[in-house]
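Asker: missing the sequence, but the structure's below:
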């Protein structure tokens, strides 16, 4: 017999996918890939000059995907790479990358901020706390080999 998700897990999974679809649809409207969005968003959050590894960790995206997208953006004149320690690469926005961020990424962040501001502060704190707790519990279960 096939195991079915509990109603609350089913709803949580559905909501996570709905949010992911919102961002994917946004990327389609912006005419960019999800990974390009993730790179510029991560730079906006982490700061100019962050490392490629930090972008991967922030966006939960594979090194190969981010690496390919970064090099494409470098060729397009949107990003500049600068070596750091060892094989570490620091990522900087060019003037074109800064303009892209102002036009495409900053309005998204403003919209996200506005959406959160429509909720009482204690609710947003609780949402973040409980989402992190769930992610941690799920990570623990999946690392234990569940499901097999």
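Answerer: Cool, the structure landed. Being a predicted model, the structure only gives us computed values, none of them experimental.
Asker: list the buried residues in stretch 50-69.
Answerer: 50, 52, 54, 55, 56, 58, 59, 61, 65, 66, 69 (16 or more other CB atoms under 10 Å). Yep, even glycine has a C-beta here, placed from its N, CA and C like the rest.
Asker: could you tell me the end-to-end distance of that stretch?
Answerer: 15 Å (CA to CA, to the nearest Å).
Asker: point out where the chain drops to low pLDDT.
Answerer: 145-148 (pLDDT under 70).
Asker: so the residue nearest the centre of it versus residue 114, what's the distance?
Answerer: Per CA atoms, centre = their mean, the C-alpha nearest to the average position across the chain is that of residue 59, at 3.6 Å. Note on residue 59: its distance to residue 114, by CB to CB, to the nearest Å, is 22 Å.
Asker: and for residue 125?
Answerer: With CB to CB as the criterion, residue 125 and residue 114 are 17 Å apart.
Asker: in this structure, what residue spans correspond to helices?
Answerer: Counting by DSSP state H, the chain has helices at residues 7-30, 34-46, 52-59, 63-75, 95-100, 106-117, 121-143.
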